[in-house]
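In: pasting the sequence and the predicted coordinates here, then a few questions.
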Amino acid sequence: MLWIWVAAQVAAVAAIVAVSVHRRRRTSGLPRRPRPEPLGPEDARVTFPRDGETRELRALHKAGGYYLIVDFPDRATALRYLRGCEVRRELVYVIAENPEGNLGKDLIMIFEETDGSFVELAERSDGSRSTMRDCGRCGYQVLPVHARTAGIAEVSYGSSVRRYYALDGLQMGGHGFRCGSCKTLTCAWCLLASGPTKLADSSLVLRCLHCRSELEADPF
């Protein structure tokens, strides 16, 4: 059985957000997995809202990622537009430039472009994509867990060690779980949205959203 520890204190959530923002912005010093540079919006796996206006899109390749830049007259319009964007690939950013302070959106969140500070979590819609690295429900890329992933704690019980996961911490990092039965990936965002079963000790039981098997393996 997979036991999930859920962070409940506001201070703990703030710490998780801070770690995640530092990790995902272009100033991050963590090594990245090599991948080919996307050639355009379709390869970048970005969908844009249909707001009735034709907007000029500028593309910029930099060492830290691939940027799609759009101009807006004010912050409210920029934020509304970003909420309608879907960014399903790592290291791809939609930047909404406006006179009141540029905003950006990536795989995880909407953020302040100047310093990468958190604004709000990005909503995800269904978009099934059957690959070995994408969530089978929303189609977003799922990032592997590494040694410095936020939201993981280990507690020793005699000769054994039990690992606990803060599901909201994994959500902020873009991580998820691979089902041991059907091998489908499911991101933490979709697992939280599905309403996991809560036990009497406040731990959660997670089930694969595809075959309904109980998730027992470590995160992807």
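Out: Great, that's in hand. Numbers count the residues shown, from 1 in each chain.
In: can you list the strands that the helix or strand hosting Tyr67 pairs with?
Out: Assigned by DSSP states H and E, Tyr67 falls within strand 65-71. Strand 65-71 sits in its sheet next to strand 58-62 (antiparallel), strand 92-97 (parallel), going by DSSP bridges.
In: can I get the first one in PDB, CA atoms only?
Out: So the one you mean is strand 58-62. Provided in PDB are the C-alpha atoms of strand 58-62 (Å, rounded to 0.1, in the frame of the first residue of the first chain):
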ATOM      1  CA  ARG A  58       7.200  35.800 -31.100                       C
ATOM      2  CA  ALA A  59       9.400  32.700 -30.500                       C
ATOM      3  CA  LEU A  60      12.800  32.800 -28.800                       C
ATOM      4  CA  HIS A  61      15.300  30.000 -28.200                       C
ATOM      5  CA  LYS A  62      17.600  30.400 -25.200                       C
END
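In: centre of the chain to it, how far?
Out: 22 Å (Cα atoms, centre = their mean, to the nearest Å).
In: sorry, back to before: let's test this: mean pLDDT of the strand holding Tyr67, rounded?
Out: Strand 65-71 carries an average pLDDT of 93.
In: so Glu90 sits right up against Pro144, yeah?
Out: No: Glu90 is beyond contact range of Pro144, at 10.6 Å (criterion: Cβ atoms under 8 Å). Placement of C-beta: from N, CA and C, glycine included.
In: between the two, which has more neighbouring residues?
Out: Neighbours around Glu90 and Pro144, counted as other Cβ atoms under 10 Å, are more numerous at Glu90. The numbers are 20 against 14.
In: next one: that one from Gly65, what distance?
Out: Counting by Cβ to Cβ, to the nearest Å, the gap from Glu90 to Gly65 is 8 Å.
In: and if you look at Val92?
Out: When distance is defined by Cβ to Cβ, Val92 is 6 Å away from Gly65.
In: what helix or strand is Glu53 on?
Out: Using DSSP H and E, Glu53 falls within no helix or strand.
In: please pull out the lowest mean pLDDT helix or strand from the chain.
Out: In the chain, the helix or strand scored least confidently by mean pLDDT, DSSP states H and E is helix 10-24, which has a mean of 33.
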